[in-house]
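Novice: Kindly return the folded structure for what I paste below:
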Amino acid sequence: MHITDLWGVAKRTGEKLERMRIRTALDLRNAEPREIRKRFGVVLERTVWELRGVDVIRLDDIDHKRKNIMTSRTFGQATGNMEDLREAVRSHAQAGAEKVRRQQSVAQAIMVFLSTPRFRSDLPQDYPSLTLPLPMPTDDSRLIIGVAQRALEMIYRRGYQYAKAGVMMIDLTDRDGLQLDMLYTQETEERRQQSAKLMGVMDALNREFGRGTVTLGGMRKDKRWRQKNVRQTPRFLTSWRELPEIRMG
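Specialist: Below is the predicted model of the structure:
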């Protein structure tokens, strides 16, 4: 088999390999892995080992759960309005909580941060952040948003124009393997089950009818913190609303 017939070996890579007298899959199999990694990187080195029958990508590497999840966006327009910042933090906290539930984890703490425009030397700079523990390890958007809003109140400073906000879910652990404490009661378990049902319905509706169908808290139409996306390419392959229209006269 010619070297460029292997998956992941492009034409230019094949030309470089041929200059090293590596023209076939067998030649690559017999090549020195360290030399291949030095010249072409770890991906092609893995191909060498795979040609030798060695598993280099384990299943747990593919399905690895993240320990922290960050959700943040740069604003379409800098703002110092507290209502704008509340909406932004609430939106990021809810999106982060959905990601936590998607990987079947729970968060033990969250971090909220703000940032002024870094390249605006004419504006005063401020980059506050705060980490707060959650009352209990949870994936409930309501609890996460409540703590996030409290953190925002504590770091917000008047007189600054903020251009970015973000929320990080910290110390994620497996939901099913959660270690319970001495204060865990039957009433706590019932609340947890009710929370799981409610969050499951919210996630199902947002998957079925689109992101943002069900949110916690209202969103104003004139959201200054939303990205403008004026240069965004059409999404007609994934969005019904953006399908091109052809009109015949």
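Novice: Identify the residues contacting whichever helix or strand Ala97 is part of?
Specialist: Per DSSP states H and E, Ala97 falls inside helix 82-102. Identification of contacts with helix 82-102 by Cβ atoms under 8 Å, 6 or more residues apart in numbering yields 69-73, 75, 79, 106-107, 110, 112, 114, 139-141, 144-145, 148-149, 152, 156, 162, 165-169, 172, 199, 203, 206, 215-217, 219-220, 223-225. Heads up, the C-betas are built off the backbone N, CA and C, glycines and all.
Novice: Quick check on those: which are buried?
Specialist: 69, 71-72, 75, 79, 106-107, 110, 112, 114, 139-141, 144-145, 148-149, 152, 156, 162, 165-169, 172, 199, 203, 206, 215, 223-225 (16 or more other Cβ atoms under 10 Å).
Novice: Now intersect those with the strands, please.
Specialist: The strands in this structure, assigned by DSSP state E, contain 69, 71-72, 75, 79, 106-107, 110, 112, 114, 162, 165-169 from those.
Novice: Identify the farthest-apart pair in those residues.
Specialist: Between any two of these, the greatest separation by Cβ to Cβ is 32.2 Å, found for Thr79 and Val106.
Novice: Can you verify my assumption that Met169 contacts Asn68?
Specialist: Yes. The pair formed by Met169 and Asn68 meets the contact definition of Cβ atoms under 8 Å, at 6.4 Å.
Novice: Going by neighbour count, list what's buried in stretch 76-90.
Specialist: Ala78, Thr79, Asp84, Leu85, Arg86, Glu87, Ala88, Val89, Arg90.
Novice: would CSV of these with pLDDT be doable?
Specialist: Formatted as CSV, the buried residues of stretch 76-90 follow (pLDDT from 0 to 100):
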residue, pLDDT
Ala78, 90
Thr79, 91
Asp84, 91
Leu85, 94
Arg86, 93
Glu87, 92
Ala88, 92
Val89, 94
Arg90, 93
